[in-house]
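Participant: Could you work out the structure for the sequence below:
(chains A and B)
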2 protein chains.
Amino acid sequence: MQRNLQELKTRLLEVNDLNSASAVLSWDQTTYMPPGGAPARGRQMATLSRLAHEKFTDPAIGKLLDDLRSYAEGLPYDSDDASLIRVTRRDYEKAIKVPSSFVAELNRHGAESYQVWTEARPANDFKRVQPYLEKTLDLSRQMANFYPGYEHIADPLIDYADPGMKAESIRALFAQLRERLVPIVRAITTQPAADDACLRLSFPEAQQLAFGQVVIKQLGYDFNRGRQDKTHHPFMTKFSLGDVRITTRVKENYLADALFSTIHEAGHAMYEQGIRRDLEGTPLAGGTSSGVHESQSRSWENLVGRSRGFWQYFYPQLQATFPDQLKSVSSDAFYRAINKVERSLIRTDADEVTYNLHVMIRFDFELDLLEGKLAVRDLPGAWQASYQSDLGLAASDDGDGVLQDVHWFGGLIGGSFQGYTLGNVMSAQFFASALNSHPEIPAEMQQGKFDTLRGWLTENIYQHGSKFTPLEIVQRATGRPLSIDPYIDYLRSKYGELYRL
Amino acid sequence: MQRNLQELKTRLLEVNDLNSASAVLSWDQTTYMPPGGAPARGRQMATLSRLAHEKFTDPAIGKLLDDLRSYAEGLPYDSDDASLIRVTRRDYEKAIKVPSSFVAELNRHGAESYQVWTEARPANDFKRVQPYLEKTLDLSRQMANFYPGYEHIADPLIDYADPGMKAESIRALFAQLRERLVPIVRAITTQPAADDACLRLSFPEAQQLAFGQVVIKQLGYDFNRGRQDKTHHPFMTKFSLGDVRITTRVKENYLADALFSTIHEAGHAMYEQGIRRDLEGTPLAGGTSSGVHESQSRSWENLVGRSRGFWQYFYPQLQATFPDQLKSVSSDAFYRAINKVERSLIRTDADEVTYNLHVMIRFDFELDLLEGKLAVRDLPGAWQASYQSDLGLAASDDGDGVLQDVHWFGGLIGGSFQGYTLGNVMSAQFFASALNSHPEIPAEMQQGKFDTLRGWLTENIYQHGSKFTPLEIVQRATGRPLSIDPYIDYLRSKYGELYRL
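Facilitator: Numbers count the residues shown, from 1 in each chain, chains lettered A, B, ... in the order given. Predicted structure coming up:
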């Protein structure tokens, strides 16, 4: 049995090495690669992905999993070996259902529609992408249909990002959330908007980067096992548990952009850096779902990084970094500026309160498109209508409307967006549990100490990697099922104080 | 036939992609990787190399080469297809003779002895590395013996670096060279040494880097298809013909270090950037040998970069970059400083004239060790004796003696060094031919123009990649066999003027 297990781990390590190599090539592509490197780089990454897929779907892995079945059944559910075998089997059975030729076609189409989108978005030209998006929808349906027996056609696609979660339960959760969220948004946005002019002065890049790095180092991001580089669209990537990198971009005329994206990506990275080192090189050595991952980036960005206590500690340092710009801005004014709430058209620019409305609109469209209730050609009109009804705004054009997000232009339709809002909801539930166990956390944050919080998150979430599904980890970490209540409580408390709701 | 050829190219492209990915990982390892990434990185690179080796030695490739034999025989020798099939067969037959288990053992031992060497060198502790070096010698002999029928046991090892070249002919060439070189060195070093104090002031890193980049851009290094980053030991690496990178290091108290290593690595890179784009992804898309590669790095570094004409153009710019340090240094004084000749202990610090003596000492030791004439335990004594007789110097310790070069501590004994001196010899022969065809080249260099020279090198050397062996390329490019005469003529002319020989 141990020999079978060792053989399985050796094979999985090879797959892991190929995927890690591909991640290095991708990181280089978006940080340092000269323009001339592009054509070969795309091909090289495709070769690595194809080999990784071939190695992972090798029937020998299926045979080893079969041979290990009775061994795994005799182990506790949460043991490393049982978890490794269970999670590998889940991913293996997903992977073998999709023919390699389909994966290749999907990648080819994804690259092509991404290219078309990069031209169509600035030109506000939905017609240009429409046939590509129609093909994407067709491929997304085909993908789902490799997994017959689903309750909702989106379920197999959601399962890729958030294992074990389903369209119907997410839809129900989101309906509750919308019902509670809309009145809060309305109550805030009928009041005078906060003034964030103090964030829109001139902040030199070098100092912005240096300050951000001081902050995330103090939060617990380990620079011996990571680094930060510049890119166009910030992301976190992992090459091993000892090398978890983040990227950022800097707008010299808007202080909040690099600062909060740096904390956000560091949140993702601390999750990965917190995984138990002896899971290295296995399928367990990664965050468990897009929702749980996002719960950590959003926790550190918003629940920590946009809190009063955090800035009680860091604001004097920020003022010292930018004395000309901030010396006459009070800590309270700065706090209000970074928590300004307003209806807006662009998801990625949205504040903490309205953000989920953007996400839920997209989630509903994914279900409607997959169900056949909505045709791709009708999407721009439907988009305008939803923004009007949910956010009270009319988009000036499709570039700031249906064309704004990359997700559908290079990936699938289905499973792309729910993680953002699931993450927000989870973040508050985790945070409330951490505070329940450690009421000293808020006082510690005011002193620039984050070890207790990070320790609780590591103990209850990070260390496990992907041993547990998102719903399991919520239950285990907080003692109850996923619920929107802590999130609504958090928003009411924070924004009630800010806006006297 | 075309289908077989296409199938062969597809398989070779996969091998190429794996090797290119490994090169990206290696570049990252020595430029940006955080310390925590090291353990997994070594393993990831080993996985990629192993897979590349497996894919390349697949019997299907042998079968395709057999099927293509008569097709290739009907083509001109220098056609792309004939060259591809010929060079692939040569490399394939080399590769299949070495068992994978031996390659793995070699890599394991290489990594281990490199690690021990990094500690033994600063400690001057030859005894520490002796058993590792004995094993390296043993493995090197085993490696050679996978290719029975050689004339000299070093031949198969030399053939890896410089295909088609053999120990006996190199030994004869080096004997001639030594005979002509030693009197020149003696004549120079009995005169007062040149003064290079002007290079040993304080030169801020940023300006050094910027100046070096201006220089190599003007030489013809294409930054759209490459970039320069910092590292400990400068190197050139290629991920595709569109992405050929160089690295450098900067010593703020020695101007010549970054400057000439930048030009040197750019010389390697311009060779790779000059390969015909339609050879991309095949085994032909790389420099043909260590000697020819070194001929290009040394041409640009020395024949161009240390020439009077070059500095006639660039010295005013250099003075403008470092006015405080160089305003009172004449162009002639600077030229003498960068061409200072002196007997020294360290190969990598040696000047253009004495450098080859260092290389030839090592080449002789490689042959003696492989032949069994010299035991590893006697190497330090033999080293001291050779430096005394050839360079008139006694090394203070083994750290500055036998332990100074990395090559034997991580690689093989045999084939490691001859390329450096072959490169010097070839550089002068190529350069003389270029000048013969284009007598205007020296005058153009004085005006900062290098297109005619680079054009001749591209036409005669670069574009062919590895279609031809080093001896073939010398014959084709210069119309005669490899000879030391142009190199001796070059040295006599340049240093005769400098030192009135």
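Participant: From chain B, how far off is the nearest residue to A:Glu105 once chain neighbours are set aside?
Facilitator: With sequence-adjacent residues excluded and distances taken as C-beta to C-beta, 6 or more residues apart in numbering or on different chains, A:Glu105 is closest to A:Leu139, at 7.3 Å. Any C-beta I mention is one placed from the backbone N, CA and C, and that applies to glycine too. Applying C-beta to the nearest C-beta, to the nearest Å, the value for A:Leu139 to chain B is 25 Å.
Participant: And A:Ser437, by the same measure?
Facilitator: Taken as C-beta to the nearest C-beta, the span from A:Ser437 to chain B is 29 Å.
Participant: That residue: neighbouring residues, count only.
Facilitator: Each residue near A:Ser437 was counted by other C-beta atoms under 10 Å in any protein chain shown, and the total is 13.
Participant: right, and it touches A:Trp456 too?
Facilitator: Yes. A:Ser437 is within contact range of A:Trp456, at 6.1 Å (criterion: C-beta atoms under 8 Å).
Participant: where's the residue nearest to A:Glu105 relative to A:Pro99, distance?
Facilitator: Going from A:Leu139 to A:Pro99 by C-beta to C-beta, to the nearest Å gives 13 Å.
Participant: and stretch A:362-371, which residues are buried?
Facilitator: Buried residues in stretch A:362-371, counting neighbours by 16 or more other C-beta atoms under 10 Å in any protein chain shown, are found at A:Arg362, A:Phe363, A:Asp364, A:Phe365, A:Glu366, A:Leu367, A:Leu369, A:Leu370.
Participant: can you redo those residues as JSON lines with distance to chain B?
Facilitator: As requested, the buried residues of stretch A:362-371 are arranged in JSON lines below (distance: C-beta to the nearest C-beta, whole Å):
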{"residue": "A:Arg362", "distance to chain B": "35"}
{"residue": "A:Phe363", "distance to chain B": "36"}
{"residue": "A:Asp364", "distance to chain B": "40"}
{"residue": "A:Phe365", "distance to chain B": "37"}
{"residue": "A:Glu366", "distance to chain B": "34"}
{"residue": "A:Leu367", "distance to chain B": "38"}
{"residue": "A:Leu369", "distance to chain B": "35"}
{"residue": "A:Leu370", "distance to chain B": "35"}
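Participant: Dump those to a markdown table, plus pLDDT and secondary structure.
Facilitator: Putting these into a markdown table (pLDDT from 0 to 100; DSSP: H, G, I helix; E, B strand; the rest coil) gives the following:
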| residue | pLDDT | secondary structure |
| --- | --- | --- |
| A:Arg362 | 97 | helix |
| A:Phe363 | 98 | helix |
| A:Asp364 | 97 | helix |
| A:Phe365 | 98 | helix |
| A:Glu366 | 98 | helix |
| A:Leu367 | 98 | helix |
| A:Leu369 | 98 | helix |
| A:Leu370 | 98 | helix |
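Participant: higher neighbour count, A:Leu139 and A:Pro99?
Facilitator: The neighbour count for A:Leu139 versus A:Pro99, taken as other C-beta under 10 Å, is higher for A:Leu139 (18 against 11).
Participant: contacting residues around the more buried one?
Facilitator: By C-beta atoms under 8 Å, 6 or more residues apart in numbering or on different chains, A:Leu139 lies in contact with A:Glu105, A:Leu106, A:His109, A:Leu412.
Participant: Tabulate these (JSON lines), appending secondary structure and pLDDT.
Facilitator: As requested, those are exported to JSON lines (DSSP: H, G, I helix; E, B strand; the rest coil; pLDDT from 0 to 100):
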{"residue": "A:Glu105", "secondary structure": "helix", "pLDDT": "91"}
{"residue": "A:Leu106", "secondary structure": "helix", "pLDDT": "92"}
{"residue": "A:His109", "secondary structure": "helix", "pLDDT": "93"}
{"residue": "A:Leu412", "secondary structure": "coil", "pLDDT": "96"}
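Participant: which of these are buried?
Facilitator: Among those, those classed as buried by 16+ other C-beta under 10 Å are A:Leu106, A:His109, A:Leu412.
Participant: and the last one, what is it in contact with?
Facilitator: Read it as A:Leu412. A:Leu106, A:Thr136, A:Leu139, A:Ser140, A:Met143, A:Leu157.
Participant: A:Gly164 too?
Facilitator: Counting by C-beta under 8 Å, 6+ apart, A:Gly164 touches A:Thr469, A:Pro470, A:Leu471, A:Glu472.
Participant: For whichever residue of the stretch 351-500 of chain A sits closest to chain B, grab the count of nearby residues.
Facilitator: Residue nearest to chain B within the stretch 351-500 of chain A (C-beta to the nearest C-beta): A:Gly465, separated by 15.1 Å. Look at A:Gly465: counted by other C-beta under 10 Å, it has 25 neighbours.
Participant: Helices along the stretch 301-450 of chain A, start to end?
Facilitator: Using DSSP state H, counting those that start in this stretch, the helices found in the stretch 301-450 of chain A span residues A:308-321, A:323-326, A:331-338, A:355-371, A:379-386, A:418-437, A:441-446.
Participant: Make CSV from those helices and add distance to B:Ala172 to it.
Facilitator: Shown next, in CSV, are the helices of the stretch 301-450 of chain A (distance: least, C-beta to C-beta, whole Å):
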stretch, distance to B:Ala172
helix A:308-321, 68
helix A:323-326, 73
helix A:331-338, 76
helix A:355-371, 75
helix A:379-386, 77
helix A:418-437, 70
helix A:441-446, 76
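Participant: Enumerate the residues of the stretch 201-350 of chain A near chain B.
Facilitator: Residues of the stretch 201-350 of chain A lying close to chain B (C-beta under 8 Å from any C-beta of the partner chain) are A:222-227, A:229, A:239-243, A:245, A:280-281.
Participant: Out of these, which end up buried?
Facilitator: A:Asp222, A:Arg225, A:Gly226, A:Arg227, A:Phe239, A:Ser240, A:Leu241, A:Gly242, A:Asp243, A:Arg245, A:Glu280, A:Gly281.
Participant: Taking these together, which two end up most distant?
Facilitator: A:Arg227 and A:Gly281 (20.9 Å; C-beta to C-beta).
Participant: can you name the two of the contacts of A:Leu139 that are farthest apart?
Facilitator: Using C-beta to C-beta, the pair of the contacts of A:Leu139 lying farthest apart is A:Glu105 and A:Leu412, separated by 12.5 Å.
Participant: which stretches of the stretch 51-200 of chain A have low pLDDT?
Facilitator: Across the stretch 51-200 of chain A, nothing is flagged by pLDDT under 70.
Participant: so which residue of it comes closest to chain B?
Facilitator: Evaluated by C-beta to the nearest C-beta, the stretch 51-200 of chain A has A:Leu51 as its residue closest to chain B, separated by 7.0 Å.
Participant: Having no further points to raise, I will conclude here.
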